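K.L.:
give me a 3D structure for the following:
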Amino acid sequence: MPKHTETRHLPYSATQMFDLVADVKRYPEFLPWVSAMRVRRDGPTETIADMIVGFKGLRESFTSKVDKERPTRIHVDYVDGPLKYLRNDWVFRDEDSGCTVDFAVDFQFKNRVFEALAGQVFGVALRRMIGAFEARAIALYGSSDAAGSGNSNSSAHSAA
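P.N.:
Presented below is the predicted three-dimensional model:
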């Protein structure tokens, strides 16, 4: 069951980063392996959405519930699909020169083959997805010298 936590300092406001992450309908435009999103319900404090992901010939769909506390927190819970569970948290804190983003994800597949595959590519996939969020922020909000020199503190571990 892959788990990962990471903290990044970015040269954008907490509100900007909250808006980027909360805009799940746009994920297929910039996130690798996300081929489609269907938003079932989208309100100011909760979104229910179906995501279709594809990787190496595999396609899976899963539903998640996104709880939003604008502009400081987003919590994602798994509702239905190929996972046993998924928990994902984003915390956004304004700082003098931007914001700090704390990110945590913990999930486990129902299928042992998917779990083994996820374990093999988890680190690479996570780096690509985090990079995609950062690239999206630059595309939406512009570049800054601080973007290249932001502090990064991360840790990842995987348990079988």
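
K.L.:
which other helices and strands does the longest helix anywhere in the chain contact?
P.N.:
When the chain is parsed with DSSP state H, its longest helix is helix 112-141. Under the contact criterion of 3 or more C-beta pairs under 8 Å, 6 or more residues apart in numbering; DSSP states H and E, helix 112-141 touches strand 2-10, helix 14-22, helix 27-30, strand 46-55, strand 58-69, strand 98-109, helix 145-148, strand 152-158. For glycine as for every other residue, the C-beta is placed from the backbone atoms N, C-alpha and C.

K.L.:
of all the ones you listed, which one comes closest to residue 139?
P.N.:
Proximity to residue 139 (C-beta to C-beta) singles out helix 27-30 among the helices and strands packed on helix 112-141, at 7.8 Å.

K.L.:
quick check: neighbours of the following helix or strand past the closest one in the sheet, parallel or antiparallel?
P.N.:
Once helix 27-30 ends, the next helix or strand along the chain (criterion: DSSP states H and E) is strand 34-42. Strand 34-42 has the following sheet partners, assigned by DSSP bridges: strand 46-55 (antiparallel).

K.L.:
bridging residues for the closest residue to residue 93 other than its chain neighbours?
P.N.:
In space, and not counting its chain neighbours, residue 93 is closest to residue 100: 4.7 Å by C-beta to C-beta, 6 or more residues apart in numbering. Applying DSSP bridges to residue 100 gives these bridge partners: residue 9, residue 93.

K.L.:
residues in contact with residue 100?
P.N.:
For residue 100, the contacting residues are 7-10, 92-93, by C-beta atoms under 8 Å, 6 or more residues apart in numbering.

K.L.:
out of those, which end up buried?
P.N.:
7-10, 92-93 (16 or more other C-beta atoms under 10 Å).
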